[in-house]
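build me a structure from this.
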Amino acid sequence: MPIDLRSVFVTPPPALDYVFGSFVAGTVGAFVAPGGTGKSFWALQTAIAVACHVPEGNLAGIAPPSNGPVLYLALEDSEQVLAHRIHAIGRCIRKRSKYPDDAAEALDAIAANLMIEPMMGKRLDVMTDKGMEAVLKLQEAPRLIVLDTVSRIHGLDENSNRDMSLLISRLEELATKSGAAVLLIHHVSKASRRDGQLDQYSSRGASALIDNARWCGYLTQMTEDEAKRLIEGSRFSTPLTGLHSQYVRLGESKLNYGSAVLEQQWFKRSEGGVLLPALISEAKSRATSMRPRKGREAANAV
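Down below sits the predicted model:
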């Protein structure tokens with residue numbers, strides 16, 4: 001049906017329903033990163049944060065405005081690997097919770113609202129009616145659907161803009177029918193990884209896959225050069241030289257429906273691969289920290 005323009009002119013529409021950051025319910029978004037960076041861990045922790053109303057469940061630090069059911073389709077990892085990741089996250093929640101009851105409440109909320117479907121070795125083609133209906137039946141009224149990874153849900157040509165436009169249109173249908181924000185996880189190209197260009201423009205395949213999505217986030221590993229000038233925690237800390245592989249950075253690079261809400265956040269890999277927010281800043285040189293004080297402070301120090 002066409003929009004009732006006379007009504008919209010005078011009646012304010014409902015506020016946009018943000019699932020996290022500037023990612024809106026009923027739309028399609030993408031999250032890109034090189035293999036082995038931790039994108040599946042971030043996606044899983046984000047799914048948990050959306051599913052869990054208890055603060056202890058928000059290890060990713062994304063603070064979703066509201067919570068609800070989440071469907072996570074794990075298409076490239078085995079059930080055993082997923083179990084290890086889930087166990088590591090659960091252990092981290094228990095360890096970081098001040099009170100055992102809070103941890104127990106968080107784990108109960110996650111178990112009640114998050115459905116993780118291991119699908120490695122199973123065929124799923126969302127371009128078919130059977131595939132679409134199979135996804136819609138898995139979780140009732142989800143807030144978020146995660147497709148990890150998108151290359152496993154179709155048989156189209158990933159390098160064809162026409163085919164990838166058709167895929168995004170199909171995922172928009174999934175978002176509209178379910179009411180969920182549909183997040184596709186995707187790899188970057190080998191050339192982009194080699195050149196150090198790790199944002200939405202570095203995604204593998206046709207550009208339409210990202211251009212037609214309404215939100216895009218990315219995860220990139222700290223470089224050796226960055227580690228030499230960055231510190232974690234106190235300003236008196238030493239630079240992270242040689243430790244760059246332990247840190248990754250989150251960013252939002254495509255924002256169709258709002259300004260950046262997820263600030264560029266550094267994460268540190270903890271036990272089991274869990275990503276925990278890290279306070280990273282520029283290291284101050286010793287010469288700067290020992291610079292003579294000016295004015296009255298310098299006079300008083302004599």
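
alpha carbons of the regular element (helix or strand) spanning Leu171, as CSV, please.
With secondary structure defined by DSSP states H and E, Leu171 is part of helix 161-178. Presented in CSV, the C-alpha positions along helix 161-178 are these (Å, rounded to 0.1, in the frame of the first residue of the first chain):
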residue,chain,number,x,y,z
ASN,A,161,26.4,-7.5,-8.6
ARG,A,162,23.1,-8.7,-10.1
ASP,A,163,23.1,-11.9,-8.0
MET,A,164,24.2,-10.2,-4.8
SER,A,165,21.4,-7.6,-5.3
LEU,A,166,19.0,-10.4,-5.6
LEU,A,167,20.4,-12.0,-2.4
ILE,A,168,20.1,-8.8,-0.4
SER,A,169,16.5,-8.4,-1.6
ARG,A,170,15.7,-11.9,-0.4
LEU,A,171,17.3,-11.2,3.0
GLU,A,172,15.2,-8.0,3.1
GLU,A,173,12.2,-10.2,2.6
LEU,A,174,13.4,-12.3,5.6
ALA,A,175,13.8,-9.2,7.7
THR,A,176,10.4,-7.9,6.8
LYS,A,177,8.6,-11.2,7.4
SER,A,178,10.4,-11.8,10.7
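
next one: the nearest residue to Ser40 once chain neighbours are set aside from Asp108, what distance?
In space, and not counting its chain neighbours, Ser40 is closest to Asp148: 5.6 Å by C-beta to C-beta, 6 or more residues apart in numbering. Every C-beta, even on glycine, is put in place using the N, C-alpha and C of the backbone. Using C-beta to C-beta, to the nearest Å, Asp148 is found at 24 Å from Asp108.

out of these two, which sits in the more crowded spot?
Taking neighbours as other C-beta atoms under 10 Å, Asp148 and Asp108 compare with Asp148 leading, 24 against 12.

pretty sure that one contacts Phe41?
No - counting by C-beta atoms under 8 Å, Phe41 is not a contact partner of Asp148; they are 10.5 Å apart.

re earlier: residues in contact with the residue nearest to Ser40?
Ser40, Ala43, Tyr72, Leu73, Ala74, Leu75, Glu76, Asp77, Ile185 (C-beta atoms under 8 Å, 6 or more residues apart in numbering).

which one of those residues is nearest to Pro100?
Tyr72 (26.3 Å; C-beta to C-beta).

now Ser245: closest residue in space, sequence neighbours ignored.
Gln221 (6.8 Å).

what's the burial count for the one you found?
Gln221 has 19 neighbouring residues, counting by other C-beta under 10 Å.

what is it paired to in the beta sheet?
Note on Gln221: beta-bridge partners by DSSP bridges are Val248.

which pLDDT value goes with it?
As predicted, Gln221 sits at a pLDDT of 92.

that one touches Tyr247, doesn't it?
Yes - using C-beta under 8 Å as the test, Gln221 is close enough to Tyr247 to be in contact (7.2 Å).

list the buried residues of stretch 128-139.
By neighbour count on 16 or more other C-beta atoms under 10 Å, the buried set for stretch 128-139 is Gly131, Met132, Ala134, Val135, Leu136, Gln139.

can you check stretch 114-130 too?
Going by neighbour count (16+ other C-beta under 10 Å), the buried part of stretch 114-130 is Leu114, Met115, Ile116, Glu117, Pro118, Met119, Leu124, Asp125, Val126, Met127.

what of stretch 5-20?
By 16+ other C-beta under 10 Å, the buried positions in stretch 5-20 come out as Tyr18, Val19, Phe20.

could the residues you listed go into TSV alongside distance to Ser237 and secondary structure?
Compiled in TSV, these are given as follows (distance: C-beta to C-beta, whole Å; DSSP: H, G, I helix; E, B strand; the rest coil):
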residue	distance to Ser237	secondary structure
Tyr18	35	strand
Val19	35	strand
Phe20	30	strand
